[in-house]
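1. Sequence plus the predicted model coming up.
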Amino acid sequence: MIRILVNDGIDASGKKMMEDAGFFVSTDKITQDDLMTKLNAFDAICVRSATTVRKELIDACPNLKVIARGGVGLDNIDVEYAKSKGIIVINTPAASSRSVAELVFAHLLSLSRFLHDANRNMPKSGSTDFGKLKSSYAKGGELEGKTLGVIGMGRIGQEAMRIGIGMGMNVIAHDPFMDVVVLNVGSQQFPHTANIKSSTKEEVLSSSDFITLHIPSLAKPAIGSEEFAMMKDGVIIANAARGGVIDETALLEALNSGKVGGAGLDVFENEPTPRAELLVHPKISLTPHIGASTEEAQLKVGTDLAKQVIAALS
Ligand code: 3PG
């Protein structure tokens with residue numbers, strides 16, 4: 001019987017699909033260290049971002065046929081090495097785009113109205129501080145009419161553009177590998193498309209009131225002190241891509257100098273232990289890497305993954 005290890009959880013319907021296909025599915029978590037001796041008893045492993053599948057583990061598991069990543073980022077898997085050993089590597093790039101893009105807007109809206117800070121500071125019981133807090137959060141801003149700069153014009157970037165257009169923002173974008181995207185920005189009732197051309201990175205950085213990043217982490221952060229210097233004063237920036245995309249030291253400097261008005265962070269250089277200065281900063285809205293964690297996205301990720309695993313092993 002084909003044996004699948006689901007090590008970072010999966011939606012119940014995805015598990016059921018694989019069981020209905022006749023596979024044995026274990027969802028009992030095996031620690032990263034124990035995988036070296038225990039994973040070889042399985043034909044496939046399904047992971048999210050918590051479990052890493054590196055060369056050493058692949059070498060220790062000659063029986064492994066499939067590595068399946070529920071989600072977009074494959075940075076926790078040695079993909080090329082796995083492929084060179086004949087292992088099929090799967091991910092679900094389309095399943096969580098909306099979920100991530102909506103979280104970005106949750107951060108942008110929160111930062112524009114100081115919700116993240118107000119939630120920290122609201123009086124815990126009836127108190128006279130209410131009026132003082134009301135005045136301190138009275139200078140919020142609106143998103144409508146502002147410029148949204150999207151760096152990375154892939155699936156998640158495109159969802160962010162669609163939401164931005166829906167909110168009445170001027171949307172500009174940059175992608176080194178794409179010239180233009182055609183977006184369906186209407187509804188069933190009012191179908192409508194919009195073409196967004198790729199502008200230069202400098203143009204996007206210098207013209208945007210809000211910036212959101214949808215690119216993988218490379219050797220050098222895409223946003224560091226040089227890039228912050230190009231931005232408008234008071235810009236609000238969101239990162240729900242990968243921690244290394246923003247240089248966190250440069251971000252803290254830019255927040256403290258007032259150059260950046262606020263940052264929404266779902267991902268961090270050091271996960272799962274982000275640096276303390278970020279966690280307590282009044283201008284940072286925080287979430288613990290939950291971009292893909294909605295009921296809808298979990299369902300789509302789980303069923304999409306199960307379909308691909310079944311096809312690969314049947
Ligand atoms: C992804 O790459 O899909 C996201 O970062 C989500 O990560 P997660 O699977 O750990 O929620």
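-> Looks like it arrived, so ask away. Numbering: from 1, shown residues only.

2. for the residue of the chain found nearest the ligand, what are its contacts?
-> Using Cβ to the nearest ligand atom, Gly71 is the residue of the chain that sits closest to the ligand, at 2.6 Å. No exception for glycine: its C-beta is placed from N, CA and C like everyone else's. The contact partners of Gly71, by Cβ atoms under 8 Å, 6 or more residues apart in numbering, come to Arg48, Ser49, Asn91, Thr92, Ala95, Ser96, Ala292, Val301.

3. Could you list the contact residues of this protein toward the ligand?
-> Counting by Cβ under 6 Å from any ligand atom, the chain comes close to the ligand at Arg48, Ser49, Gly70, Gly71, Val72, Gly73, Ser96, His289, Gly291, Ala292, Ser293.

4. redo that, cut-off 5 Å
-> Arg48, Ser49, Gly71, Val72, Gly73, Ala292 (Cβ under 5 Å from any ligand atom).

5. how about the nearest residue to the first one, chain neighbours excluded?
-> Here the nearest residue to Arg48 in space, its sequence neighbours aside, is Asp8; by Cβ to Cβ, 6 or more residues apart in numbering that works out to 3.7 Å.

6. Pretty sure that neighbour sits in a strand.
-> No. Assessed with DSSP: H, G, I helix; E, B strand; the rest coil, Asp8 is coil; it does not lie in a strand.

7. in the stretch 101-250 of the chain, which spans are strands?
-> Using DSSP state E, counting those that start in this stretch, the strands of the stretch 101-250 of the chain run over 147-151, 170-174, 180-184, 193-197, 210-213, 235-239.

8. got those as a markdown table, with mean neighbour count columns?
-> Converted to a markdown table, the strands of the stretch 101-250 of the chain look like this (neighbours: other Cβ atoms under 10 Å):
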| stretch | mean neighbour count |
| --- | --- |
| strand 147-151 | 26 |
| strand 170-174 | 21 |
| strand 180-184 | 14 |
| strand 193-197 | 13 |
| strand 210-213 | 27 |
| strand 235-239 | 27 |
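
9. Of all pairs in the residues of the chain next to the ligand, which one spans the longest distance?
-> The span of those, defined through Cβ to Cβ, is set by Arg48 and Val72 at 10.5 Å.

10. Three-state assignment for Val72, please.
-> coil.

11. To which secondary structure element is the nearest residue to it once chain neighbours are set aside assigned?
-> Nearest residue to Val72 in three dimensions, chain neighbours excluded: Pro93, at 5.2 Å (Cβ to Cβ, 6+ apart). Using DSSP states H and E, Pro93 falls within no helix or strand.

12. what residue of this protein is the furthest out?
-> No residue in the chain sits farther from the centre than Thr128, which is 39.5 Å out by Cα atoms, centre = their mean.

13. Number of residues surrounding the closest residue to Phe130 other than its chain neighbours?
-> Excluding the flanking residues, the one nearest Phe130 by Cβ to Cβ, 6+ apart is Pro123, at 6.3 Å. Neighbours of Pro123 under the rule other Cβ atoms under 10 Å: 11.

14. In contact with Pro123: list those residues for me.
-> Going by Cβ under 8 Å, 6+ apart, Pro123 touches Asp129, Phe130, Leu133.

15. Flag every buried residue along the helix-or-strand element of the chain with minimal mean pLDDT.
-> Of all helical and strand segments in the chain, the minimum by mean pLDDT, DSSP states H and E falls on helix 129-136, at a mean of 90. Of all the residues in helix 129-136, those buried under the rule 16 or more other Cβ atoms under 10 Å are Leu133.

16. who touches Leu39 in this structure?
-> So Leu39 contacts Leu5, Ile30, Ile45, Leu57, Ala60, Cys61, Leu64 (Cβ under 8 Å, 6+ apart).

17. Nice, that's everything, thank you.
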